[in-house]
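Undergrad: sequence isn't available, so here's the structure alone:
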Ligand code: ASP
């Protein structure tokens, strides 16, 4: 009989209405009971926390990945993590960056709370458990299962604040579709080799700086003053930034602080096209992050700095070309 371990961390899937709003209070065992998992599956549970995912820290994510690894070490066929949707694309991506096991870690959650008259959490959790125990999910790394689909971690984004179909992977699409009891493979996305990250050490600080019409370099400089070892630009369009930010980024790179460019546009890759925009950044040594969201780019740059402090660019180059 297949065995899956469920780790609960909180989020809307575990939330109930209280006098001040929603709070994530429901433990894993109750989430599981409501999901009514497939009869042919043995599911064990543990609670890592009961928080909204907007309150998680990067070191909480490292602890979560360590815990998922520990569970896989006990011989289960897969691990499911329930968490809030707000930062799920970050958790799944960090788990995926370091995942070196054929068995999957499947993240899921909900848009409507546990005590809603029509909760989506139980169905999402039942689907995630099915995916975690399925052969179709092997070798796919960390997945995010939601609303009848499962996405590879890399490239998945929350695209709706409240609707049940909260996630998409723009330009990439889902890897798996749930059809009743069946788990159907739609695509087998390539995965870069896992990074040998020490999960017990803090990740270097990397900040995301937003770009918008007329933005100056104040926030870029503030990030470095706050201790950022690298910066991600949430650039305009295909990777363009206002002139003051381009100048600031050139200075940072020249001073040994790596800068990664992602776009504020939800779909499509960045490319160094415009002489005074992206092409200027590329000439200055800024790295282009394909179609990675700024939030996933931030974790990649932090991991690259941790793994190869002297040459994070090399790690980025290897990762971004797969
Ligand atoms: N809206 C969020 C959720 O879906 C809140 C959070 O991320 O915890 O769970």
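TA: Arrived safely, thanks for sending. This structure is a prediction, so every number in the text was calculated from the model and none was measured.

Undergrad: mind checking pLDDT for the closest residue to the ligand within the chain?
TA: Using CB to the nearest ligand atom, residue 84 is the residue of the chain that sits closest to the ligand, at 1.9 Å. Where C-beta positions appear, they are placed from N, C-alpha and C, glycine not excepted. Note on residue 84: pLDDT of 98.

Undergrad: so residue 130 is in which element?
TA: Using DSSP states H and E, residue 130 maps to helix 121-132.

Undergrad: give me the mean pLDDT for that helix.
TA: Mean predicted confidence for helix 121-132 is 98.

Undergrad: what does that helix rub up against?
TA: When contacts are defined by CB atoms under 8 Å, 6 or more residues apart in numbering, helix 121-132 is touched by residues 4, 6, 12-14, 31-32, 34-38, 41, 43, 77-80, 82, 104-110, 112-114, 137, 143, 145-148, 150, 176, 178, 181, 183.

Undergrad: how far out from the middle of the chain is it?
TA: 18 Å (CA atoms, centre = their mean, to the nearest Å).

Undergrad: now do stretch 198-208
TA: Taking mean C-alpha positions (CA atoms, centre = their mean), stretch 198-208 and its chain are 15 Å apart.

Undergrad: what number of residues lie near residue 205?
TA: For residue 205, the neighbour count with other CB atoms under 10 Å is 17.

Undergrad: if I pick it, what's in contact with it?
TA: Counting by CB under 8 Å, 6+ apart, residue 205 has contacts 226, 227, 228, 229, 302.

Undergrad: try it again with 7 Å
TA: Residue 205 sits next to 227, 228, 229 when contact means CB atoms under 7 Å, 6 or more residues apart in numbering.

Undergrad: now the strands: where do they sit in the stretch 1-150 of the chain?
TA: Per DSSP state E, counting those that start in this stretch, the stretch 1-150 of the chain carries strands over the ranges 2-10, 15-18, 21-24, 41-51, 78-82, 105-108, 142-146, 149-152.

Undergrad: helices and strands around the first one, which ones?
TA: Right, the one you point to is strand 2-10. helix 28-35, strand 41-51, helix 58-73, strand 78-82 (3 or more CB pairs under 7 Å, 6 or more residues apart in numbering; DSSP states H and E).

Undergrad: low-confidence ranges in the protein?
TA: In the prediction, the chain carries no residues with pLDDT under 70.

Undergrad: in it, which spans are helices?
TA: With helices called from DSSP state H, the chain shows them at 28-35, 58-73, 88-98, 121-132, 218-225, 243-254, 278-283, 294-307, 312-320.

Undergrad: what comes up buried for the fifth one?
TA: With burial defined by 16 or more other CB atoms under 10 Å, the residues of helix 218-225 counted as buried are 219, 220, 223, 224.

Undergrad: same check, this time on the fourth one
TA: Using 16+ other CB under 10 Å as the test for burial, helix 121-132 gives 121, 122, 123, 124, 125, 126, 127, 128, 129, 130, 131, 132.

Undergrad: equivalent analysis for the second one, please.
TA: Neighbour-count burial for helix 58-73, counted by 16+ other CB under 10 Å, picks out 58, 60, 61, 62, 63, 64, 65, 67, 68, 69, 71, 72.

Undergrad: still on that earlier bit, can you turn the buried part of the contacts of helix 121-132 into a ChimeraX selection?
TA: Remark: buried members of these, expressed as a ChimeraX selection using 16+ other CB under 10 Å:
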select :4,6,12,13,14,31,32,34,35,37,41,43,77,78,79,80,82,104,105,106,107,108,109,110,112,113,114,137,143,145,146,147,150,176,178,183
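
Undergrad: which of the contacts of helix 121-132 come close to the ligand?
TA: 12, 109 (CB under 6 Å from any ligand atom).

Undergrad: ok, residue 28 touching residue 49?
TA: No. Assessed by CB atoms under 7 Å, residue 28 is found out of contact with residue 49, at 10.6 Å.

Undergrad: what about those two, which has more around it?
TA: residue 28 (23 against 18).

Undergrad: how near is the more buried one to residue 144?
TA: 18 Å (CB to CB, to the nearest Å).

Undergrad: check contacts around residue 9.
TA: Neighbours of residue 9 in contact, by CB under 7 Å, 6+ apart: 48, 49, 51, 64, 81, 82, 83.
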